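**Student:** Give the three-dimensional model of this entry:
(chains A, B, C, D, E and F)
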Amino acid sequence: MDVVWGDNVAQNIAFYVIAIPMVAAALKMVTTKNVVHAALYLVVVLVGVSAQFILLGAEFIAATQILVYVGAIVVLILFGVMLTRAKLGRDAEVNNDPTQRIAGALVAVILFAVMSYAIIDAFEGTELPEERYQPLQVVSDSIFSTYLVPFEATSVLLLAALIGAIVLARRD
Amino acid sequence: MSEFLRSYLTIAIFGGLAVVLIGIILGAGRLLRPTRAQDQKYLTYESGADAVGDEWSQTQVRYYIFALLFVLFDVEAVFIFPWATRLEEYGMFGLIEMAIFIFILALGLLYAWRKKVLRWV
Amino acid sequence: MIRLSSADTETTGTDEEETEEVVETDEAREALLSEITERLGDGIVAHHIDPGHDLIIRVANGAWAEAALALRRSLGFDYFTYLSAIDWLPSPFGRSMDATVDLAPSEDPAEAAEPGPIEHGLCGGETRFQVLARVYSTRRHLGVTLKADVASDDDLSIETWTGTYPGADWHERESWEMFGITFTGHPGLRKLYLPHDFEGFPLRKDFPLLARQIKPWPGIVDVEPMPDEGDGGDDSESGGEET
Amino acid sequence: MLLTNFLLLAALLFCIGVYGVLARKNAVLVLMSIELILNAVNINLVAFGVITGTISGHVFALFIIAVAAAEVGVGLALVILIYRNRRSINLDELDLMKG
Amino acid sequence: MIDPALGTLAIELAYWQETLIKVGVVAALVPTAALILGYVFLLKMMSFMQSRLGPMDAGPFGILQLVADGAKFLQKEDIFPARADKWVFAMAPIVVLVSTMLVYVLIPVGPDLVGEAVDTGVFLALAVSSISVIGILMAGWSSANKYSLIGGMRAAGQLIAYELPLVLAVVGVVIQAGTLNLQGIVAAQATGEIFGWGGIGSPFILTQFVGFFIFMIAVQAELTQTPFDMPVAESEIVGGYQVEYTGFRFLTFFLAEFGTAFAFAGLAAVLFLGGWWVPGFEIDSPWLNVLGPIVMFIKIMAVSFFIFWFRFTYPRFREDQLQALAWKVLIPLSLANIVVTGVLKVVF
Amino acid sequence: MTAISERRQLAYIAAQASDARVNVELETEGMTLNMGPQHPATHGTLRIVAKLDGEQVIAADPIMGYMHRGYEKLTEVRTYPQVTTLVNRIDWLGSFANEVPFILAAERLMEVEAPPRAQWIRTALFELSRIANISLFLGDMALQLGALTPAFYAFRDREFVLNQIESATGGRFHPNFDRIGGLKDDLPKGWIAETKTAMVKLRDFCDMLETLVTGNEIFEARTRGIGVIPAEVGLSYGLSGANIRASGVDWDLRRDQPVGLAWNEIDWKVWTHPDGDSFARFWVRLQEVRESTKMVDQLLDGLPSGPIMAKVPRIIKVPAGEAWVSTENPLGEMGYYVVSQGDLVPFRVKIRSASFNNVSIVPWVLKGVYVPDIVTILASLYFILGDIDR
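**Tutor:** Below is the predicted model:
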């Protein structure tokens, strides 16, 4: 079991307690026939990701994950869903035909096999450092010095997205 | 590190606690409350009349733009917070950086305003 | 409770005689009538002036909508008061319901009492059903009541007013469901008050009022004494029509 | 705490996301699957950031969240536009490009 | 990071003991807060403002009225509408309440009296409070009712519109304090000086009055209290997203609403009114662990008073007017506030 | 006031038109929302079926009849005095006012006139029932907009008026006090002084409400420019009372058609407002309540002495004839067209109730407004269900 079991038992337990529901919810998300349910399963995955960030010591990213993903993007998706179609109960027309689904599953499984082989091959047994907490000010300093240009570019990107969405969503 | 994780463990415990608390109360309620099934009780309420058309029908709420604006400004807030804690160190340079950032996003708000999509239709 | 007499009022003045102007002729309404006559000409079948109170005009069935149009557009009658109908058939269940004979409950209402002849009210009439409506001018402060016969006793139809007075919409719907009068040109004659599958026309005189059929008319059971008569012990007399 | 834990979790989420993109017809669901993929990437970034001891992973994760927000915004605007024009958001019915 | 253990009182507790105590305290605190606010403001203050007595029968002056109400709600049948999406319908109130509970953990009431003093403090508090939108949308959608759906949509639209002013109004405080940690913010106010005089510290309301103003309006909207109560507007959509809920599930929404009112009042007290610090004490004086909760309670009640005062006084806005207020007034204003605060911070 | 309000109206109309255009552009499928019969905004059992597009109303259709009692049919089997008990249940908040026009119509057919004292008391009671009726509206309007508190004040202060009505007539809600030829009784001792005190309280109530509600920005934002009814449209729909005076039509039956009551003997003012929106309707009603309190004071000061009942036969048979009498009731013009054929019972009574016409404009005025405005507009049009359904 040395592949999946690291040194710190409590943290490992925490990892699996979080990871298992995440994977389950992710699987439900891609298989459920109800679009709103899918969005709610996505919430579970996103909260799980946030918890994993905590385990990785990325406190600020975790809070951001909650604020932006759960508080905003999911709400946006729910709006989108309700604006287009959000039946209660099952919706027949959400999946592609079975052959394509099987092909998709095949692709996913092969991809996972290859990736997990590569990951285990390359990083087997690598322990994360015990002290991995990154204080906010380090993140901040990095953004406002090294990554200043991407930061400003982000604002332009957001502006472009906004204008694009307004142009698209409104027909003049 | 473990202190850091512990504090979040506490938060997680609190989250769990809320669920357990409601579970207990609803469980207690189950013992107290009656359950007398009658079809009428499970009808959709629509001011006393039978629901017109489908009980549930799609709304066309067009505040999509509001939600979008919100997402984008939320992202902005995410960048503002780390900046705000460190402004003293960054000084004037940091201030200008952020002023540009805010200005560019405010342009977006202005654009939405001018395009008259800031209306609840 | 102590009722106070008139002496209790502080000021007993203002007894200036009520201006008892019994207007026998009503110039304003006469003038109005002539104006309307000018516009409608032959459309006017009959008219009646209640001096100081009202002007009633009966127009021909065909001139009904035209009358409305003329009143609103040319004569400034901007306010629509009401529109309704009258069934002039004497009640088959007895006249005025004040006598025991009226109450003879019978299985077949038609034979219970043969209806007497139709007596039309002011301005007369030809058909059993008449439509009546009232419009008012907020500038002249005068109102006109219009009446018209329906097309015939077999064809209860008349033109709609909704084009001229949109407020007539519901009134016409009501008259349609209560009397069965059809308003040609009305945008949607649907039931207004009654369930959509209700049969019959409740305000017609030959539509039985079920409550009266089950529990007959009690007569005038309580007539109050006049205030100046005290408690007058003659209640039995006044309630004499009991059955 | 092993690095592979996180990497394998991320890989799994990534693959589930890929399956979702391939198997789903509904455009909103496809967008959600893409979100899944982006989150998987974020986990990877932060995990590698921790292992290398630098802050870049964190910063990039932040930028990815920002990009994801923009992506969802424009993506959903497109979906709404498509829905309005075609009364359907099934991607296989969209063969506009085939002319 | 500030040691969360009650170390300064010289009691050493294991983590699990400490957590158990905290859990007990907060679990008791949320319902108690809801009861106190409900009784003092919703029942009594409102009654007196409306020239009536309010409940008088349950307990002296009716103080047990809400307990009686709670007992009544427990005995109500738990009805799930036939067409509702059962799971989502059942989960929605829980999501809302969890989001409220999590805010409590973060609010400090003394130097050591805090559920958890995490570094992202205020940021995390705002983040978790935004989860309730999801719960409300879930409730609105799953009830299979038009009023619910409209109410849920309105609620979501309103909460997102006011989440931003709420978040941005806090930035001014963060700039001044230079930290996100709520304990740090309290300390910053305690050690601050007003023109060189440090007698009462420097509560941020003095410098961030614009921020405070925006924050309170946004709080009012986040709580869906009048004049922003369109999501539950009884006279229009008869309760909105709550319309199909019965019994305790319905009460859960109420608990969450009052719990959140208390929590946000607490946040406002910490961010703008100086928090638990009492003038004249050292910032780490153990006495503040005793006085702090009392001071905080007084401040919270004062803030709540204003929240509820507005609730009983004003008519309700219309949704479009509310959105216009948020996007055209409050957000530009809060952005300007950030810039001005930043400039002042850098210049001085 | 006028200049500003015209600009407001124009802006409003322009906004509406552009909204309509936006909707056509977005061409979405609507949702049908059912408000009522059991809905807090419909004061009873009116039902509004509104087709919505987002939160905007495309079409609204009021459905009524849940409270139809068939009064027009029932009057045909009741003697004239008995009809009075029926008709005072039409608008149950202003009951006394419902009785008066019917009694007046019967009196005209019988060529009887009530003695002056009876007429003055009638007028005073008429105004009292107007105050009782409209003061409830004043509180309710704020309630519909979400402000709970004014409703409690309204209920509290309305009680003073109801007490006076009760002590004079014996009935709080359904007095049945009016008689053909006069009144049932004279006023009780001390009533006049008590009523004047009550009027002072009601004036205070009006002042308080004016500061509490009309100065409130949110109240103004919710009512100004909402549900604008131009005078011409309103008249053609038959809107009457404060609803049409709020559109700038200076027309009050109390002044323009004072049928056998004492209105033209006292000094008072007809209030109008040029805007025609929900705010104007509220404002006009508020002024009318205050005006009514002054009218009651004057009526009680000038109360003539004399009998309160004219000579009428014990058993009332009304000669054949037809008469239309309408008065300015709290809700608007209420009239009866009485057709008699010389019997104990009327041959036909057409009841023209104010709310029926006032509500008939709803489909027109609700087009293009938002869902919350439905409530505002319905509240400001102020109807009583019994007055619609009869």
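
**Student:** near chain D at all, stretch A:114-128?
**Tutor:** Yes: Stretch A:114-128 reaches chain D (Cβ under 8 Å from any Cβ of the partner chain) through A:115, A:116, A:119, A:120, A:123, A:124, A:125, A:126, A:127, A:128. In this view, the C-beta of every residue, glycine as well, is placed from N, C-alpha and C.

**Student:** so the first one, which of the three states?
**Tutor:** Taken by DSSP: H, G, I helix; E, B strand; the rest coil, the conformation at residue A:115 corresponds to helix.

**Student:** gap between it and chain B?
**Tutor:** From residue A:115 across to chain B, the span is 28 Å (Cβ to the nearest Cβ, to the nearest Å).

**Student:** pLDDT score for that residue?
**Tutor:** In this model, residue A:115 is scored at 84, pLDDT.

**Student:** Quick one: residues contacting it.
**Tutor:** D:11, D:14, D:15 (Cβ atoms under 8 Å, 6 or more residues apart in numbering or on different chains).

**Student:** what do you get for the fifth one?
**Tutor:** By Cβ under 8 Å, 6+ apart, the contact set of residue A:123 is D:3, D:4, D:7.

**Student:** Count the residues that sit near the closest residue to residue E:317 other than its chain neighbours.
**Tutor:** Nearest residue to residue E:317 in three dimensions, chain neighbours excluded: residue E:227, at 5.1 Å (Cβ to Cβ, 6 or more residues apart in numbering or on different chains). Residue E:227: 26 surrounding residues under other Cβ atoms under 10 Å in any protein chain shown.

**Student:** and if you look at the one 3 residues further on?
**Tutor:** Residue crowding around residue E:230 was assessed by other Cβ under 10 Å; the count is 28.

**Student:** show me what contacts whichever residue of chain A sits closest to chain B?
**Tutor:** For chain A, the nearest residue to chain B under the criterion Cβ to the nearest Cβ is residue A:140, separated by 3.4 Å. Contacts for residue A:140 (Cβ under 8 Å, 6+ apart) come out as B:82, B:83, B:85, B:86.

**Student:** and if you look at residue C:146?
**Tutor:** Residue C:146 sits in contact with C:56, C:57, C:58, C:59, C:64, C:67, C:68, C:71, C:132, C:133, C:134, C:135, where contact means Cβ under 8 Å, 6+ apart.

**Student:** By neighbour count, which of the residues you listed wins?
**Tutor:** residue C:135 (28 neighbours).

**Student:** now that residue: how far from chain E?
**Tutor:** Counting by Cβ to the nearest Cβ, the gap from residue C:135 to chain E is 36 Å.

**Student:** Please apply the same query to residue F:211.
**Tutor:** On the measure of Cβ to the nearest Cβ, residue F:211 and chain E end up 12 Å apart.

**Student:** Next, count neighbours for residue 34.
**Tutor:** Because you didn't say which chain, this covers chain A. Counted with other Cβ under 10 Å, residue A:34 comes out at 19.

**Student:** you looked at the wrong chain, it should be chain D
**Tutor:** Applying other Cβ under 10 Å, I find that residue D:34 has 18 neighbouring residues.

**Student:** ok, it - contacts?
**Tutor:** D:17, D:21, D:71, D:75.

**Student:** quick check, the helix or strand that the third one is a member of touching chain E?
**Tutor:** The reference is to residue D:71. Counting by DSSP states H and E, the element that carries residue D:71 is helix D:56-86. No: applying Cβ under 8 Å from any Cβ, one finds helix D:56-86 separated from chain E by no less than 12.4 Å.

**Student:** Return the set of buried residues in that helix.
**Tutor:** D:57-84 (16 or more other Cβ atoms under 10 Å in any protein chain shown).

**Student:** elements contacting that helix?
**Tutor:** Packed against helix D:56-86 by the contact rule (3 or more Cβ pairs under 8 Å, 6 or more residues apart in numbering or on different chains; DSSP states H and E) you find helix A:59-64, helix A:74-84, helix A:136-143, helix A:148-169, helix B:64-114, helix D:27-52.

**Student:** What does the one residue in chain F that gets nearest to chain C show for phi and psi?
**Tutor:** Using Cβ to the nearest Cβ, the single residue of chain F nearest to chain C is residue F:343, 3.0 Å away. Here the main-chain torsion angles of residue F:343 (degrees, to the nearest 10) amount to phi -110, psi -180.

**Student:** correct me, but it touches residue F:317?
**Tutor:** Yes: proximity of residue F:343 to residue F:317 meets the contact threshold set by Cβ atoms under 8 Å, at 6.7 Å.

**Student:** just to revisit the earlier point, measure the residue of chain A closest to chain B to residue F:233 for me?
**Tutor:** 62 Å (Cβ to Cβ, to the nearest Å).

**Student:** surely residue F:195 meets residue F:162?
**Tutor:** No: contact criterion Cβ under 8 Å: residue F:195 and residue F:162 do not qualify, at 11.9 Å.

**Student:** So for whichever strand or helix holds residue E:176, mean pLDDT?
**Tutor:** Using DSSP H and E, residue E:176 falls within helix E:146-177. Average pLDDT, helix E:146-177: 82.

**Student:** Please identify which of residue F:343 and residue F:317 sits among more neighbours.
**Tutor:** Ranked by neighbour count (other Cβ under 10 Å), residue F:343 and residue F:317 place residue F:343 first, with 19 against 15.

**Student:** The stretch 201-348 of chain E: helices as residue ranges?
**Tutor:** Ranges of helices in the stretch 201-348 of chain E, per DSSP state H, counting those that start in this stretch, are E:209-222, E:234-237, E:247-272, E:288-313, E:319-324, E:331-347.
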